[in-house]
Structures are given as structure tokens and as C-alpha cells.
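# only geometry, no sequence info:
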């Protein structure tokens, strides 16, 4: 299944606690599984959004439209 091209950083997503410390947040958005991975900051971006097992975007600042648990 291919990941629909969209800007997830501008979508309203309600996150829940994730499966493990490396992936502290998970959500289902428009029927697809989303995970947040914590990276090796500051050498890399702080977070990576993974949708359907694919890295979609790397970012440092948590989007205002997202809610954390």
C-alpha cells in the first residue's frame, strides 16, 4: 500500500502512547498507522514520522495541531 502524499505536519492528529521508548507516540490517521521515532538529536532531527512503515518526514518542532497523550 502506498502512502498518500500529504503534509502530515499540518493535519490534526491525536497521538497515544507508543509501543516502546524509541517510538513513544502512535496514532491512526485516515486509516493508516503512524509512529513517531525519536532520533539521535542533535546529530539528526529530533523526530521522524513513520507512516505505514515508511519514513515520511523528519522534524524538530512538534506541530501545534498535534495532541500528545
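Yep, it's here. Quick caveat, the model's predicted, so the values are computed rather than measured. Residues are numbered from 1 along each chain as shown.

# which SS class is residue 64?
What DSSP: H, G, I helix; E, B strand; the rest coil gives for residue 64 is coil.

# burial count for it?
9 (other CB atoms under 10 Å). For every residue, glycine as well, the C-beta is placed using N, CA and C.

# swap in residue 31?
8.

# can you check residue 68 too?
The local packing of residue 68 (other CB under 10 Å) involves 11 other residues.

# show me what contacts it?
Listed by CB atoms under 8 Å, 6 or more residues apart in numbering, the contact partners of residue 68 are 15, 25, 62.

# can you give me the strands in this structure?
13-14, 16-20, 23-29, 32-38, 47-51, 54-59, 66-67 (DSSP state E).

# quick revisit: weed out the non-buried ones from the contacts of residue 68.
Buried by 16 or more other CB atoms under 10 Å: 15, 25, out of the contacts of residue 68.

# of the contacts of residue 68, which is the nearest to residue 48?
residue 25 (11.2 Å; CB to CB).

# avg pLDDT for stretch 31-40?
Stretch 31-40 comes out with an average pLDDT of 96.
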